[in-house]
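Visitor: Next input, structure requested:
(one chain, ligands or ions: 1)
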Amino acid sequence: MLSVENLTVRFGQVVAVDNVTLSVAPGETVGIVGPNGSGKSTFLNAVNRLVPSTGTIKIGNRAGPGRIGRTFQTPQVHPELTCLENVMLGSPDRTGTGLFGAWLGRPGAGRAERERREKAAEYLVTANVPTSVFHEQCDSQPLSVARGVEIARALAREPQIIFLDEPAAGLNDDETSDLVDVIRAIRSPDRCTVVIEHKIDFIDRATDRVVVFEAGKLIATGPPREIWSHSRVVEAYLGVVDVED
Ligand SMILES: Nc1ncnc2c1ncn2[C@@H]1O[C@H](COP(=O)(O)OP(=O)(O)OP(=O)(O)O)[C@@H](O)[C@H]1O
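Guide: Model (predicted):
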């Protein structure tokens, strides 16, 4: 689903991502870990084409932009919109009628809008957002709900890849366990999930495979739990990692 070859990102003299090659299969959930400044976010931004890079990026066997849904370290929700409206903003308007079409009363516009609303509600349920807050403004919600809204909005894009950038940061143990369940629930043969996270226990429970970055390089990959005894990882990562909890 995602195939990256020899990806390199430079910021002046800094090589933030250094010749990384990585493939992620359909249905697979991959965790990216590594010390602060090891290039994880820059890798994600390069695949999203937010920063210039060299190398090859293919999504679903094609070069060029694919459909990517993502969440951010600090949730980027529209605070004045409701949870449901935030998710609806993420969904593609397949009828081409849009809100303007609905306003003009184009045939099918009302039905399309209703379907988008229903799908958005389904995605919120999948992302473990309580139905009681669907029509509440996002700015009145706790972090765990804002994170759920972002995941639902990413799903609404019908993406080939979902990128989650430190989704468990700031969550308590119960919320982190709920998030593990959500990440398992969003598995689909039609897409893959890539999660950047510092919380090792979370990565072990939520992912199929772990990829370790150090100083911009991909230094090891393997199943959760096994990866932590990899000599290169013990030496280069565990000794220096700035873990949040
Ligand atoms: N816009 C930028 N301009 C210059 N240097 C940058 C920029 N973004 C990142 N870097 C540098 O690139 C390197 C990789 O940073 P990056 O944020 O990708 O690491 P990270 O593994 O995501 O770190 P963290 O876990 O702290 O989020 C670091 O040396 C960082 O200082």
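
Visitor: close enough to count as contact, L143 and G170?
Guide: Yes - using CB atoms under 8 Å, L143 is in contact with G170, at 5.3 Å. (Each C-beta comes from the backbone N, C-alpha and C, glycine too.)

Visitor: who's more crowded, these two?
Guide: G170 (17 against 14; other CB atoms under 10 Å).

Visitor: who touches that one in this structure?
Guide: Each residue near G170 by CB atoms under 8 Å, 6 or more residues apart in numbering is listed here: L143.

Visitor: likewise A154?
Guide: A154 touches 69-71, 90, 162-164, counting by CB under 8 Å, 6+ apart.

Visitor: so what are the domain limits for this structure?
Guide: Using automatic domain parsing, the domains assigned to the chain come out as 1-67+159-245, 81-158.

Visitor: weakest of these by average pLDDT?
Guide: Ranked by mean pLDDT, the domains of the chain bottom out at domain 81-158, with a mean of 84.

Visitor: what are the ranges of the strands in the chain?
Guide: Here the chain has its strands, by DSSP state E, at 2-11, 14-24, 29-33, 54-59, 62-63, 68-71, 161-165, 192-196, 209-214, 217-222.

Visitor: With mean neighbour count and distance to the ligand added, can I get these in CSV?
Guide: Output for those, formatted as CSV (neighbours: other CB atoms under 10 Å; distance: least, CB to the nearest ligand atom, whole Å):
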stretch, mean neighbour count, distance to the ligand
strand 2-11, 17, 3
strand 14-24, 18, 3
strand 29-33, 24, 8
strand 54-59, 16, 15
strand 62-63, 10, 23
strand 68-71, 22, 14
strand 161-165, 24, 8
strand 192-196, 25, 7
strand 209-214, 23, 6
strand 217-222, 18, 11
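
Visitor: any chance of these in JSON lines, plus distance to L44?
Guide: Shown next, in JSON lines, are the strands of the chain (distance: least, CB to CB, whole Å):
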{"stretch": "strand 2-11", "distance to L44": "11"}
{"stretch": "strand 14-24", "distance to L44": "10"}
{"stretch": "strand 29-33", "distance to L44": "8"}
{"stretch": "strand 54-59", "distance to L44": "12"}
{"stretch": "strand 62-63", "distance to L44": "18"}
{"stretch": "strand 68-71", "distance to L44": "7"}
{"stretch": "strand 161-165", "distance to L44": "5"}
{"stretch": "strand 192-196", "distance to L44": "6"}
{"stretch": "strand 209-214", "distance to L44": "11"}
{"stretch": "strand 217-222", "distance to L44": "13"}
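
Visitor: List the buried residues of the longest helix along the chain.
Guide: If you go by DSSP state H, the chain has its longest helix at helix 109-126. Going by neighbour count (16 or more other CB atoms under 10 Å), the buried part of helix 109-126 is 109, 112-113, 116-117, 119-121, 123-124.

Visitor: and of those, the nearest to L218?
Guide: Y123 (31.4 Å; CB to CB).

Visitor: Could you find the closest non-adjacent residue to that closest one?
Guide: Among residues not flanking Y123 along the chain, A152 sits closest, at 3.8 Å (CB to CB, 6 or more residues apart in numbering).

Visitor: What about that neighbour, how many residues nearby?
Guide: By other CB under 10 Å, the residues close to A152 number 31.

Visitor: Likewise for the one 3 residues further on?
Guide: Number of residues near L155 (other CB under 10 Å) recorded here: 24.

Visitor: Output the contacting helices and strands for the longest helix of the chain.
Guide: Helix 109-126 is packed against helix 83-90, helix 98-104, helix 143-156, with contacts defined by 3 or more CB pairs under 8 Å, 6 or more residues apart in numbering; DSSP states H and E.

Visitor: From the chain's centroid, how far away is the last one?
Guide: Here helix 143-156 is found 10 Å from its chain centre; the criterion is CA atoms, centre = their mean, to the nearest Å.

Visitor: Mind listing what's buried along that helix?
Guide: By 16+ other CB under 10 Å, the buried positions in helix 143-156 come out as 144-156.
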